[in-house]
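Trainee: From the sequence below, what's the structure:
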Amino acid sequence: MDAGGAAQKYSIIKAAVGEYSVTELCKLFGVSRSGYYAYVKRQNADRDRPVRDLIQSVYTKYDGKYGYRQIQLFLLHDHGVWINHKKVLRLMQEMGLRSRIRRNHYASSEGGRVAENVLQRDFRAQAPNQKWVTDITQYRVKDTWLYVSAIKDLFNNEIVAYHMDVKNDRQLVLQTFTKAFEKTKDVTGLIVHSDQGCQYTSYDYHDMLPTVGAQISMSRRGNCYDNASMESFFSHLKTEGLYPYDIRNLDEAQRRIEEYIQFYNESRPQRKLKKLTPVEYRRQLTA
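Mentor: Numbering: from 1, shown residues only. Got it, this is the predicted structure:
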């Protein structure tokens, strides 16, 4: 039996399945069930080839950092193609594509002057500049630690300001908020949530925020979940923006961090933001 004739028979069988069983049809046309199922599998593979190629290109573009859910968002955001997440998962599994393992690092610190937990893990905001969360993370480059202080707006998860230094002191935090207040003039009624690190329990910090009309909120001591939203961002920063690269010096580390924060704000869609990026979600208000 020639290949062309077999394919024609398999095509007829496929069209008739539902009215008759595969076994009956294969007997009628004198072909094997295994041959028929191999034909169907090849057809499905050919039909999915454009999607496979697109998934591969997205996976490669972002250095293999993401799993099927984030790949699904990039397919929609970058290419305007919506594919069911189960199909993305299936195809990635068939292609052997896996996201890199995320490593979570939590740190706690102590301080003297604290405030009550006003936020109470309510990480939702109805408008920009209602609730900010802030924290500091560290990244080691050879024998030097680079400290990154950042502020995130819970309305759209946008990083509104950040500052880097090799010193982890109150000036690191004060410089971050100076940048934030230069961009956002009116923050009356804003809640700013942090942990109880010594930078946030300093008198300078507690004197600064009330003068601009902001209210201080703090996590319970040693409870990282009270500031989970900020911890989540730093996890993304490290696993997507730093760990995949062989970073040799501070200048390169700082450049990677700056590039990632810009990417995170402007180009990385989020499911919680209706599959938009933080900046796109914010701009909806003025559209």
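
Trainee: worst-scoring helix or strand of the chain, pLDDT-wise?
Mentor: helix 3-16 (a mean of 78; mean pLDDT, DSSP states H and E).

Trainee: After that helix, which helix or strand is next?
Mentor: Per DSSP states H and E, the first helix or strand lying C-terminal to helix 3-16 is helix 22-29.

Trainee: Residues contacting that next one, please?
Mentor: Helix 22-29 is contacted by residues Lys9, Ile12, Ile13, Ala16, Val17, Ser32, Arg33, Tyr36, Tyr37 when judged by Cβ atoms under 8 Å, 6 or more residues apart in numbering. Quick note: C-beta positions are derived from backbone N, CA and C, even for glycine.

Trainee: Apply 6 Å and report the result again.
Mentor: Outside helix 22-29, the residues within contact range by Cβ atoms under 6 Å, 6 or more residues apart in numbering are Lys9, Ile13, Ala16, Arg33, Tyr36.

Trainee: same thing with stretch 268-279?
Mentor: With Cβ under 6 Å, 6+ apart as the criterion, stretch 268-279 contacts Leu73, Leu76, His77, Asn156, Asn157, Glu158, Asn265, Glu266, Ser267, Tyr281.

Trainee: Could you measure from the third one over to Ser235?
Mentor: Taking Cβ to Cβ, to the nearest Å as the measure, His77 and Ser235 are separated by 21 Å.

Trainee: ditto for the fourth one
Mentor: Here Asn156 is placed at a distance of 19 Å from Ser235 (Cβ to Cβ).

Trainee: ok so, going back, how about CSV for the contacts of stretch 268-279, with neighbour count and pLDDT added?
Mentor: Formatted as CSV, the contacts of stretch 268-279 follow (neighbours: other Cβ atoms under 10 Å; pLDDT from 0 to 100):
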residue, neighbour count, pLDDT
Leu73, 22, 90
Leu76, 14, 88
His77, 18, 90
Asn156, 24, 96
Asn157, 23, 97
Glu158, 20, 98
Asn265, 19, 97
Glu266, 12, 97
Ser267, 15, 97
Tyr281, 20, 95
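
Trainee: Now, these that are in strands?
Mentor: Glu158 (DSSP state E).

Trainee: which regions of the stretch 101-250 of the chain sit below the pLDDT cut-off?
Mentor: Along the stretch 101-250 of the chain, the model assigns pLDDT under 70 to residues 101-112, 222.

Trainee: any chance you could map the strands in it?
Mentor: For the stretch 101-250 of the chain, the strands defined by DSSP state E, counting those that start in this stretch occupy 131-141, 144-153, 158-165, 191-194, 215-218.

Trainee: follow-up on the earlier one: pipe the contacts of helix 22-29 into TSV and attach distance to Gln93 and neighbour count per row.
Mentor: Listed next are the contacts of helix 22-29 as TSV, based on distance: Cβ to Cβ, whole Å; neighbours: other Cβ atoms under 10 Å:
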residue	distance to Gln93	neighbour count
Lys9	31	20
Ile13	28	21
Ala16	31	15
Arg33	25	14
Tyr36	24	21
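
Trainee: tell me the most buried of the strands of the stretch 101-250 of the chain?
Mentor: Each of these was scored by mean neighbour count; the highest is strand 191-194, a mean of 25, by mean count of other Cβ atoms under 10 Å.

Trainee: chain center to that strand: distance?
Mentor: 22 Å (Cα atoms, centre = their mean, to the nearest Å).

Trainee: Contacts only, for Glu231.
Mentor: Neighbour list for Glu231: Cys224 [criterion: Cβ under 6 Å, 6+ apart].

Trainee: So which elements touch whichever helix in the chain runs longest?
Mentor: As assigned by DSSP state H, the longest helix anywhere in the chain is helix 33-61. Packing contacts for helix 33-61, counted by 3 or more Cβ pairs under 6 Å, 6 or more residues apart in numbering; DSSP states H and E, involve helix 3-16, helix 22-29.

Trainee: Output the longest one as CSV - backbone C-alpha positions only.
Mentor: This file holds the C-alpha atoms of helix 3-16, laid out as CSV (Å, rounded to 0.1, in the frame of the first residue of the first chain):
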residue,chain,number,x,y,z
ALA,A,3,1.9,6.2,1.4
GLY,A,4,-0.4,8.4,-0.5
GLY,A,5,-3.2,5.8,-0.6
ALA,A,6,-2.8,5.1,3.1
ALA,A,7,-3.0,8.8,4.0
GLN,A,8,-6.2,9.1,2.0
LYS,A,9,-7.7,6.2,3.9
TYR,A,10,-6.6,7.6,7.2
SER,A,11,-8.2,10.9,6.3
ILE,A,12,-11.5,9.2,5.5
ILE,A,13,-11.4,7.2,8.7
LYS,A,14,-10.8,10.4,10.7
ALA,A,15,-13.8,12.1,9.2
ALA,A,16,-16.0,9.1,9.9
